[in-house]
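Enquirer: need coordinates for the following:
(chains A and B)
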Amino acid sequence: KQEVTQIPAALSVPEGENLVLNCSFTDSAIYNLQWFRQDPGKGLTSLLLIQSSQREQTSGRLNASLDKSSGRSTLYIAASQPGDSATYLCAAHNYGQNFVFGPGTRLSVLP
Amino acid sequence: DAGITQSPRYKITETGRQVTLMCHQTWSHSYMFWYRQDLGHGLRLIYYSAAADITDKGEVPDGYVVSRSKTENFPLTLESATRSQTSVYFCASSPGTSGLPQETQYFGPGTRLLVL
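Expert: Numbering: from 1, shown residues only, chains lettered A, B, ... in the order given. Sure, this is the predicted structure:
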């Protein structure tokens, strides 16, 4: 059974810093991995989707990488802004199974 | 409104009552999902549907019933609500164009349910 963990659980950084969020999964036979953002009291918004054949995806200041052999994905946020404050979740999708979500990393970017 | 909507957004009910949470999407996506989000457990899949009249259990289906008579609607019913079903419920949809559910999922705003 796939298990997904995220470290750290919470992170607080000053504005302008580059930061890395980590996602680990136990079953490397994934179809793809997705990163989401969740604002307080809101639903999830998809940020990046990495297919199993890809090593990374980029969108603006966000870059997500995938290393299936080590069971890890990282989300890199460049030049962080207060508006980036949210909870970031990763979800692993295995063949024949549904999404398995990690517990999330709560990010606070201080002005 | 285009997109995926949920109603009600907030609901308070009592133990033993039947509650139905509604989910509606305007994209004609094949797949629809129901999740619950709880502190300490994260997001867990309750039920999902690959198409109208096709539903299947997820990780935590006990105490819940779903139906999908139309592609755009996927209601979730708690037949006899219990306090342990107090949670935030999210509906999501996915195009499923490849025949697989593992594509980008689009989430509704959630329903906060409190069972007293």
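Enquirer: name all residues that make contact with the nearest residue to residue B:70 once chain neighbours are set aside.
Expert: Spatial nearest neighbour of residue B:70, chain neighbours left out: residue B:52 (6.1 Å); criterion: Cβ to Cβ, 6 or more residues apart in numbering or on different chains. (C-beta placed from N, C-alpha, C; glycine too.) By Cβ atoms under 8 Å, 6 or more residues apart in numbering or on different chains, residue B:52 lies in contact with B:68-71.
Enquirer: tell me the SS of residue B:84?
Expert: Following DSSP: H, G, I helix; E, B strand; the rest coil, residue B:84 is assigned to helix.
Enquirer: burial count for it?
Expert: 10 (other Cβ atoms under 10 Å in any protein chain shown).
Enquirer: that one and residue A:91, how far apart?
Expert: 24 Å (Cβ to Cβ, to the nearest Å).
Enquirer: list the contacts of the nearest residue to residue A:69 once chain neighbours are set aside.
Expert: Spatial nearest neighbour of residue A:69, excluding adjacent residues (Cβ to Cβ, 6+ apart): residue A:28 at 6.5 Å. For residue A:28, the contacting residues are A:68-69, A:71, by Cβ under 8 Å, 6+ apart.
Enquirer: now residue B:52, what are its backbone angles?
Expert: Torsion angles at residue B:52 (phi, psi; degrees, to the nearest 10) stand at phi -60, psi 140.
Enquirer: residues contacting the residue nearest to residue B:6 when sequence neighbours are not counted?
Expert: Distance criterion Cβ to Cβ, 6+ apart; nearest residue to residue B:6, sequence neighbours excluded, is residue B:108 at 4.1 Å. By Cβ under 8 Å, 6+ apart, the contact list for residue B:108 reads A:43, B:4-6, B:23, B:90-92.
Enquirer: from the residues you listed, which would you call buried?
Expert: Buried subset of those (neighbour count, 16 or more other Cβ atoms under 10 Å in any protein chain shown): A:43, B:4, B:6, B:23, B:90-92.
Enquirer: return the subset of those residues lying in strands.
Expert: Among the buried ones among the contacts of residue B:108, DSSP state E puts B:4, B:6, B:23, B:90-92 in strands.
Enquirer: turn the residues you listed into CSV, including pLDDT.
Expert: Below are those laid out as CSV (pLDDT from 0 to 100):
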residue, pLDDT
B:4, 94
B:6, 96
B:23, 97
B:90, 97
B:91, 96
B:92, 94
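Enquirer: do a quick rundown of the strands in chain B.
Expert: Going by DSSP E, chain B shows strands at B:4-7, B:10-13, B:19-25, B:31-38, B:42-51, B:54-57, B:64-66, B:76-78, B:87-94, B:106-107, B:111-115.
Enquirer: any figure for the gap between residue B:79 and residue B:54?
Expert: From residue B:79 to residue B:54 the distance is 21 Å (Cβ to Cβ).
Enquirer: adjacent strands (with direction) for the helix or strand of chain A with the lowest mean pLDDT?
Expert: Least confident helix or strand of chain A, by mean pLDDT, DSSP states H and E, is strand A:99-101 with a mean of 89. Sheet pairing of strand A:99-101 (DSSP bridges) gives strand A:86-94 (antiparallel).
Enquirer: thanks a lot, catch you later.
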